[in-house]
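Participant: Need coordinates for the below:
(2 chains)
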Amino acid sequence: MAEVSIRKVVKVFEGNVQAVKGIDLEIADKEFVVLVGPSGCGKSTTLRMVAGLEEISSGEIWIGGDLVNDVPPRDRDIAMVFQNYALYPHMTVFENMAFGLKLRKFPKDEIRRRVDDAARMLDISALLGRKPKALSGGQRQRVAMGRAIVRNPKVFLFDEPLSNLDAKLRVAMRTEIKKVHQTIPTTTVYVTHDQVEAMTLADRVVVMNAGIIEQVGPPQELYHSPATRFVAGFIGSPAMNFLLVEMFDDGGLKMRLANGAVLPVPASRFERYAACKGRQMTLGLRPEHLTETQDVMHPGVARVDAPVDVVEPMGMETLIHFFIGSQPVCARVDPATPAHPGQNLPLAADLNQMHLIDDETGRVV
Amino acid sequence: MVDGTRELAMAAEPPRAAACRRWRRLLHRRSTVALLMCLPMILLIGGLVLYPALYALYLSMLNRRMTAFVGLGNFLFLLHRLTFQQVIFQSSLFAISAVLLKAFFGFILAHLMHNIPNRHQRIWRGLLLVPWVIPLALSTLGWWWLFDPSYSAFNYVLKDLGFTPVPWLGVAWPARLCMIAVNVWFGTSFFMIMYLAALKSVPEQLYEAAAIDGAGAIQKMLYITLPMIRNIISVTVLYSLIVTFANFDIVRILTNGGPEDSTHVFATYAFQVGIQSGDVPLGASVSLFMFPLLAVFAYFVLRNVTRRGKEMAV
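Facilitator: Model (predicted):
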């Protein structure tokens, strides 16, 4: 059993810079948790504190039921994959993978067996005699993973392991990592700034911002029910559209956009948004909920006129960029929809999927 | 078709024009331009290094009056001479032990320095570089005074502690050790600064990966630091060995080769034989004696350095 428990952990760097501001996180045994957030949000620092590479200013970290605040990294029974792989350049692939086992005085046969098994799993058996210099980026990444796997640790830590790879290889390695976790279910903490990686890999995603945890939850929950404006904007690509609206009651709750257009709030949301009446709020709507109009307009779907600014054909969809007032908006339409810059394109906004954000608190109502 | 037309045109060209074209093409080649740009330096090195070296080689094969060619006679004569055998022993003892000690102390100091926070590091680095910056002849004079039989500060302390004073430079072995000590004092900071630069170039993540893999401080040094800075160690040791073998100032000032020629090294002995005794060919033979050995040593060291450099560059 290897749960990881982070309790009120704070990290203050020299110069009183607070990188992590008292976070709490419980990670279950064999769970794959991804810490995601922009640069400087404290995600890597948190991971390094779990690894023992960074001292904790206050709080507690527990691994497998043991308090590890003062336990050195080598005694934490963890393995880590670094962003730039950190392979030992003077050792062969075999020696790199065997190093941790050799230091722990494993018998030679056992080392050979474990390295061979891991190499087979990662398809690097043919590379065991090579030095890291003779490997491509993807191969180095596999070796770094192999080095972690052979140790059979309690916890795997990944620090942005795919950042140095090109887009195609990144997708392939992402699948590889997921496969490894399915084959060897081990508690995993994975840090990335790429929300697609976070969504595709994680059992639960932890969104961090400015040293605090904004929201923790399964990828779908974060996508469909973001708790804050930050999470709503961070998760999803293209990002969610944010439009300033004025809430008013005109025989039913309605929203007035910056260009004067009025959108009715669906009846199912009246009760939830009742307290917002008369206030200025932010409407959050994902691009896929702003699409081409249908013959039959369903309840909760309203028409929005889009003076097309830029058209981006993506193949399986087309992105339409336009402005409402001075606020940029992105819509996702069927590629068959004829659209060109300067055209006034009627779009359908599915307000059943809307999010209303309180600008004062930054929280989703 | 096009090639055929070109061949026809070339065949019709007069020979002089063709030669001109060949020259122009040669002058425009990158390798020709590179050679021309390097030529001043090549000539300078040829004039200041190669010519004296070849001239010394020529001199070493002449008789004392420089009137007859004696081949390797001077070298054979030297090898049979007891004083010269002592010079070989003393030079090797002096150079090898001094270089090893400098490498050892330099390594320790570099490690200590590496672990001091950056802003405090600068002042310590500056202080430790002082011995290397002061002109060696001047600082050796200071040491000579410290070892002086009448005014020796060391003997003053020994006497105060109830020990018998030591004739530091008057007896062979203490004199040899004193010379080594002064050379180590002078040269350790060079090793320290080279190792410090090498230590700073080892990526911190390798140590972090090793820490997670289960390495302690000594294992990190054995498996990460030493292999990663092995090239710098090799080159520094090679350079220092060459310079220490050729050392002149320390021996000349501290003992002048005495007592009874027991502390002579190649340079001081070559000076004594060649300049003071007027046997220039024999002096040249002495100074050239270590060249083949050092050249072979340098060849193997540099070959390994190149191979490792290629392997480790990521």
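Participant: contacts, neighbours, all on C-alpha from now
Facilitator: Noted.
Participant: Can you give the contact residues for stretch B:289-309?
Facilitator: For stretch B:289-309, contacts defined as Cα atoms under 8 Å, 6 or more residues apart in numbering or on different chains pick out B:75, B:231, B:234-235, B:238, B:242.
Participant: for chain A, what are the nearby residues on chain B?
Facilitator: Counting by Cα under 8 Å from any Cα of the partner chain, the positions of chain B adjacent to chain A are B:205-206, B:208-215, B:224, B:227-228, B:311-314.
Participant: ok, 10 Å please
Facilitator: B:203-216, B:219, B:223-224, B:227-228, B:308-314 (Cα under 10 Å from any Cα of the partner chain).
Participant: Count the neighbours of the residue of the stretch 1-150 of chain B found nearest chain A for me.
Facilitator: Distance from chain A to each residue of the stretch 1-150 of chain B (Cα to the nearest Cα) is smallest for B:Pro117, at 12.2 Å. B:Pro117 is flanked by 9 other residues according to other Cα atoms under 10 Å in any protein chain shown.
Participant: Least confident secondary structure element in chain B?
Facilitator: The helix or strand of chain B with the lowest confidence, counting by mean pLDDT, DSSP states H and E, is helix B:2-12 at a mean of 55.
Participant: Kindly report the same for chain A.
Facilitator: Ranking every helix and strand in chain A by mean pLDDT, DSSP H and E puts helix A:270-273 at the bottom, with a mean of 85.
Participant: okay, how far is it across stretch A:190-206, tip to tip?
Facilitator: In stretch A:190-206, first residue to last residue: 10 Å (Cα to Cα, to the nearest Å).
Participant: cool, stretch A:282-297 as well?
Facilitator: Across stretch A:282-297, the terminal residues are separated by 24 Å (Cα to Cα).
Participant: what about that stretch, distance to the chain center?
Facilitator: Centre-to-centre, stretch A:282-297 and its host chain are 25 Å apart (Cα atoms, centre = their mean, to the nearest Å).
Participant: Check which residues of that stretch are buried.
Facilitator: Neighbour-count burial for stretch A:282-297 flags A:282-293 (criterion: 16 or more other Cα atoms under 10 Å in any protein chain shown).
Participant: and what of stretch A:119-128?
Facilitator: Within stretch A:119-128, the residues that count as buried by 16+ other Cα under 10 Å are A:119, A:121-122, A:124-125, A:127-128.
Participant: swap in stretch A:127-143?
Facilitator: Neighbour-count burial for stretch A:127-143 flags A:127-128, A:131-134, A:137-143 (criterion: 16+ other Cα under 10 Å).
Participant: of the residues you listed, list those near chain B.
Facilitator: Among those, the ones lying near chain B by Cα under 10 Å from any Cα are A:131-134.
Participant: could those be laid out in TSV, adding pLDDT?
Facilitator: Listed next are these as TSV, based on pLDDT from 0 to 100:
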residue	pLDDT
A:Lys131	92
A:Pro132	92
A:Lys133	91
A:Ala134	91
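Participant: gap between A:Ala339 and A:Thr291?
Facilitator: Taking Cα to Cα, one finds A:Ala339 at 12 Å from A:Thr291.
Participant: Same question for A:Gly217.
Facilitator: For A:Gly217, the distance to A:Thr291 - Cα to Cα - is 28 Å.
Participant: Write a ChimeraX command that selects only the buried members of the residues of chain B next to chain A.
Facilitator: Buried subset of these, written as a ChimeraX selection, criterion 16+ other Cα under 10 Å:
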select /B:205,206,207,208,209,210,211,212,213,214,215,216,223,224,227,228,308,311,312
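Participant: From the residues of chain B next to chain A, which land in helices?
Facilitator: Judged by DSSP state H, helices contain the following of the residues of chain B next to chain A: B:204-213, B:219, B:227-228, B:308-312.
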